[in-house]
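Student: fold the following, please.
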Amino acid sequence: MLAALAVGGWSVATASIEHPAVVSEDPVDWTPHLAPGGGITRPMAFAVAQLGDTMYVGGRFQAVQDATRTTTVTRQHMVAFDASDGTLNSTFTPDFDDAVYAVLAVGDSVYVGGSFGTVDGVSRPAIAKLDAQTGALDTDFTPSGMASSRVSEIRLVDGRLVVGGTFKKNLVALNPNTGGNTGYINIAINGQVSGSQAKTEVYRFAVNPTGTRLVGVGNFTDVGGQNRQRAFMFNLDGVSTSLSPWYYEPLDDACRSTSPTRRAYLDDVDFFPDGSYFVFVSTGYITAQPSQIGTHICDAAARFETAELDPDEPTWINYAGGDTLHSVAITGAAVYVQGHHRWLNNPQGNDFAGPGAVSRRGIGAIHPTTGLALPWNPPKPAAQGGQDFLATPAGLWVPLDSQQFNNEDHAGIAFVPLP
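Tutor: The predicted model follows:
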């Protein structure tokens with residue numbers, strides 16, 4: 001996911017963080033808590049970013065409490081706090097009128113994407129740029145074509161702000177100062193997968209650390225005039241973007257679920273810190289046919305090698321056995337996954353623990369080479385399931401829709417440090 005760092009001005013700000021070990025199972029005690037309020041009874045965190053000593057968390061919430069739950073403050077879908085002790089920031093208080101799904105913090109700015117229409121009462125549909133210190137809206141940043149849309153992913157790549165969502169073009173590269181379309185990405189993305197009632201969308205994407213490959217997932221069937229259902233790869237250089245021949249043909253097939261919201265079943269993707277492979281995670285329930293186990297990515301995590309442009313099958317697949325995985329982060333020591341799953345190592349499961357399954361409630365860690373679950377197991381009850389991770393040099397930030405992490409009180413936000 002996003003390690004948001006300002007590196008020499010407007011440069012690539014998407015490189016993953018490599019860890020020497022798996023993080024602790026014991027979360028720190030000082031993180032704030034999301035709280036019910038403003039008509040929202042189940043607050044959720046959807047995105048997290050760090051800039052210097054400040055954390056920025058976006059989601060669907062209107063109230064936040066300090067770590068001791070003695071102070072409650074109003075925060076409209078976004079909150080900032082100290083990265084070392086959780087102290088709530090009293091100056092960064094922007095007012096979004098709807099949920100925040102993406103946060104990028106870089107330089108002296110915070111870029112925010114979501115389903116909102118206004119910020120501080122000013123029209124800014126789906127994406128806005130804020131001052132990182134004050135939270136003030138940058139009125140010079142005025143993208144067009146975003147009305148009645150959702151922005152669900154933002155990355156800074158080689159001086160361009162790459163944005164994905166449900167807007168007309170679905171994936172664009174914007175000028176980070178003005179919000180104008182640079183024209184760098186000009187590849188048509190069309191269609192909705194069979195059975196889906198949702199808009200065409202690039203829901204999530206990941207960029208390798210050198211900024212030369214972009215892998216996107218979402219609800220689409222055609223990219224650049226080629227069959228690309230649910231996933232694609234772009235080649236990036238300093239001048240233009242082109243469609244890679246990479247494709248995995250089993251993505252043409254549906255999983256067992258008939259739900260319109262689960263037909264476009266790939267939910268997230270992340271690159272290994274050296275860019276040599278990436279991992280998808282998915283919803284979709286179980287495979288449509290038992291014979292598809294091992295090839296089809298349904299309620300599972302799956303590893304692909306970046307250089308293999310015509311894979312016959314993933315390097316490995318770890319199945320949850322009928323439960324969704326929503327987010328993934330690769331640190332080298334582990335492939336972390338979040339969702340509302342109950343198990344991993346469960347290819348024969350169908351809403352039950354099949355042979356070899358291990359209990360991993362709401363979160364888990366997978367060995368990057370074997371594809372099997374690591375012993376790391378801090379249970380996290382989930383309704384929908386966590387939507388994001390942020391690996392930093394100090395550990396792993398975990399936005400939640402849960403009230404607890406490893407049996408401790410952590411409503412919406414948890415941080416697990418490196419040992």
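Student: the spatially closest residue to residue 299 that is not a sequence neighbour: what's it in contact with?
Tutor: Spatial nearest neighbour of residue 299, excluding adjacent residues (Cβ to Cβ, 6 or more residues apart in numbering): residue 320 at 4.7 Å. Placement of C-beta: from N, CA and C, glycine included. Remark: with contacts taken as Cβ atoms under 8 Å, 6 or more residues apart in numbering, residue 320 is in contact with 299-300, 339, 341-344, 346, 349.
Student: how close does the residue lying closest to residue 35 once chain neighbours are set aside get to residue 40?
Tutor: Residue nearest to residue 35 in three dimensions, not counting chain neighbours: residue 63, with 4.2 Å by Cβ to Cβ, 6+ apart. Remark: distance between residue 63 and residue 40 (Cβ to Cβ, to the nearest Å) = 8 Å.
Student: now residue 99
Tutor: Taking Cβ to Cβ, one finds residue 99 at 10 Å from residue 40.
Student: which residues do the two both contact?
Tutor: Common neighbours of residue 99 and residue 40 (Cβ under 8 Å, 6+ apart) are residue 60.
Student: quote the end-to-end distance of stretch 152-172.
Tutor: Start-to-end span of stretch 152-172 (Cα to Cα, to the nearest Å) is 12 Å.
Student: again with stretch 132-147
Tutor: Its start and end residues considered, stretch 132-147 measures 24 Å (Cα to Cα).
Student: please apply the same query to stretch 45-65.
Tutor: Across its full length, stretch 45-65 reaches 14 Å end to end, with Cα to Cα as the criterion.
Student: could you do stretch 372-389 as well?
Tutor: End-to-end distance of stretch 372-389: 20 Å, with Cα to Cα as the criterion.
Student: now do stretch 320-338
Tutor: 11 Å.
Student: beta partners of residue 217?
Tutor: residue 204, residue 231 (DSSP bridges).
Student: against residue 330, how distant is it?
Tutor: Noted for residue 217: a distance of 15 Å to residue 330, by Cβ to Cβ.
Student: and if you look at residue 80?
Tutor: Distance from residue 80 to residue 330, counting by Cβ to Cβ: 27 Å.
Student: do residue 390 as well
Tutor: Distance of residue 390 to residue 330, computed by Cβ to Cβ: 13 Å.
Student: the stretch 1-150 of the chain: helices as residue ranges?
Tutor: For the stretch 1-150 of the chain, helices defined by DSSP state H, counting those that start in this stretch do not occur.
Student: in stretch 66-75, what counts as buried?
Tutor: 66-67, 73, 75 (16 or more other Cβ atoms under 10 Å).
Student: repeat that for stretch 291-307.
Tutor: Those would be 292, 295-304, 306, for stretch 291-307 by 16+ other Cβ under 10 Å.
Student: what do you get for stretch 141-154?
Tutor: So for stretch 141-154, counting by 16+ other Cβ under 10 Å, buried means 141, 143, 146, 149-154.
Student: who are the contact partners of the closest residue to residue 412 other than its chain neighbours?
Tutor: Closest residue in space to residue 412, ignoring its immediate chain neighbours: residue 34 at 3.2 Å, by Cβ to Cβ, 6+ apart. Neighbour list for residue 34: 43-45, 59, 61, 63-65, 411-413 [criterion: Cβ under 8 Å, 6+ apart].
Student: perfect, that will be all.
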